[in-house]
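Trainee: Just the structure for this:
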Amino acid sequence: MKIAMIGAKGIPAASGGVERHVEELGARLAEKGHTVTVYNRRGYGDRCAGRYRSVNIRQVFTIKNKYLEAPVYSFLAAIKAVADGQELIHFHALGPAMMSFLPRIFGRKTVVTVHGLDWKRAKWGAVARLYLKLCGAAAAVFPHGTIVVSNKLKDYFSLRYEKRAQKIEYIPNGVTGPSVPESRGYIEKYGLEEKNYILFLARLVPEKGCHTLLQAFSGLDCDTKLVIAGGSSHSDAYCRKLYRYASDNIIFVGEVFGDELRELFGCALLYVLPSETEGMPISLLEAMSYGVCPLVSDIEENLEIVSQRGGCGYSFKKGDTEDLKNTLRYMLSHPKEVSAKGDHARRCACESYDWDAVADKTEALYQKTSLPGRRKQHRSSQ
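Mentor: Residues are numbered from 1 along each chain as shown. Purely as a prediction, here's the structure:
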């Protein structure tokens with residue numbers, strides 16, 4: 001099958017979330033014998049233009065503007081995918097989902113993966129939020145199949161779009177398993193000691209709650225350091241506020257990839273995700289796969305992950321600095337309990353969230369959407 005993927009900024013993934021999902025899923029579908037093409041936004045992933053991990057890469061022009069970048073790119077990518085003869089076009093995220101009607105005009109199959117309710121992100125104004133809510137409706141109505149990455153999202157779309165509930169399928173994100181480099185050069189560069197720092201790794205945007213963590217950590221009296229890994233996403237003013245907390249014990253390292261990222265995960269004592277809204281955070285799953293005990297805000301999407309199998313992490317009340325501070329203090333004073341939770345988290349992540357299983361389920365959905373006539377015939381014979 002010739003498969004197009006539209007919605008990620010680009011692969012190789014230079015950030016988490018959608019980009020990582022598209023890269024891992026696309027590579028595995030290519031291994032299964034499908035011809036997979038990822039349509040990158042021009043300016044992202046250019047160093048591997050042409051082909052990466054057996055996936056074809058096409059560059060698509062767009063306008064570098066907070067509000068226009070995704071819609072312009074998605075429209076042009078959809079047209080290009082049809083012109084390239086792609087048989088199934090898979091849109092990722094709510095914004096690109098609005099264009100999932102275009103390939104259908106030309107008789108192509110379409111699938112949308114919803115990675116989160118993007119209108120909840122603080123960076124959007126009233127008009128953009130309204131547009132993204134319309135994109136949510138498009139994600140449920142336009143494509144032949146709709147994938148959601150968490151049970152919370154499945155409940156939301158199934159209830160809101162009841163007539164479309166049968167075509168909404170839950171397929172989570174995955175992990176690849178831990179791979180810790182032998183070198184400790186990266187953490188040593190920042191004066192960090194193995195298993196003696198807390199890690200926050202996410203985009204530095206208000207909904208990820210980094211400000212809550214910084215306020216809570218600043219009230220602790222401890223020798224453990226806090227590492228903030230991540231970059232701006234149209235949020236420079238917010239980042240400047242966060243940087244004011246920088247000190248000997250609060251270290252900002254920017255965006256981290258490859259072996260340096262694996263070293264950060266593998267050597268961390270705790271991973272904290274104080275987010276206010278999520279889909280299914282891949283960084284949380286990855287931290288758990290390294291045996292790092294997680295501490296998360298108590299939103300349903302986070303609790304869905306850390307509450308399984310008797311609990312494989314800790315939680316605190318969303319946005320409550322005092323509760324977060326008290327929970328951190330407890331975790332730092334109970335290292336054996338935290339270590340046991342980390343071991344349990346590793347088993348939960350590696351056994352419940354697997355990219356190979358994600359690829360198998362996605363391929364099955366593709367095949368199902370490619371047989372509408374056969375399904376109709378089956379119903380008529382009953």
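
Trainee: domain ranges for the chain?
Mentor: Residue ranges of the domains in the chain are recorded as 2-174+354-381, 185-352, according to automatic domain parsing.

Trainee: Turn those domains into JSON lines, columns for mean pLDDT.
Mentor: Formatted as JSON lines, the entries for those read as follows, by pLDDT from 0 to 100:
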{"stretch": "domain 2-174+354-381", "mean pLDDT": "90"}
{"stretch": "domain 185-352", "mean pLDDT": "95"}
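
Trainee: Can you lay out the ones you listed as TSV showing mean neighbour count?
Mentor: C-beta: built from backbone N, CA, C; applies to glycine. Formatted as TSV, the entries for those read as follows, by neighbours: other Cβ atoms under 10 Å:
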stretch	mean neighbour count
domain 2-174+354-381	19
domain 185-352	19
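
Trainee: how about the strands of the protein, start to end?
Mentor: If DSSP state E is used as the criterion, the strands of the chain fall at 2-6, 35-41, 51-52, 55-60, 88-92, 109-114, 145-148, 168-170, 197-201, 225-229, 250-254, 270-273, 293-297, 314-316.

Trainee: Val338 is nearest to which of these?
Mentor: Using Cβ to Cβ as the measure, strand 293-297 is the one of those that comes nearest Val338, at 4.7 Å.

Trainee: wait, doesn't Thr35 sit right on Val55?
Mentor: No - using Cβ atoms under 8 Å as the test, Thr35 is too far from Val55 to be in contact (9.2 Å).

Trainee: Quick check: closest non-adjacent residue to Leu29.
Mentor: Leaving aside its sequence neighbours, Leu29 sits nearest to Val36 (Cβ to Cβ, 6 or more residues apart in numbering; 5.1 Å).

Trainee: now swap in Ser339 and tell me
Mentor: Computed as Cβ to Cβ, 6+ apart, the closest residue to Ser339 that is not its neighbour in sequence is Cys293, at 7.3 Å.

Trainee: which residues touch that neighbour?
Mentor: Listed by Cβ atoms under 8 Å, 6 or more residues apart in numbering, the contact partners of Cys293 are Leu269, Leu270, Tyr271, Gly313, Tyr314, Met331, Val338, Ser339, Lys341, Gly342, Ala345.

Trainee: what do you get for Ile305?
Mentor: Counting by Cβ under 8 Å, 6+ apart, Ile305 makes contact with Met280, Pro281, Leu284, Leu285, Met288, Pro294, Val296, Cys312, Gly313, Cys348.

Trainee: Those residues into a markdown table, with extra columns for distance to Leu88?
Mentor: Converted to a markdown table, those look like this (distance: Cβ to Cβ, whole Å):
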| residue | distance to Leu88 |
| --- | --- |
| Met280 | 23 |
| Pro281 | 27 |
| Leu284 | 30 |
| Leu285 | 26 |
| Met288 | 32 |
| Pro294 | 35 |
| Val296 | 35 |
| Cys312 | 36 |
| Gly313 | 37 |
| Cys348 | 32 |
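
Trainee: Relative to Glu69, which of the residues you listed is nearest.
Mentor: The nearest member of these to Glu69, counting by Cβ to Cβ, is Pro281 at 22.9 Å.
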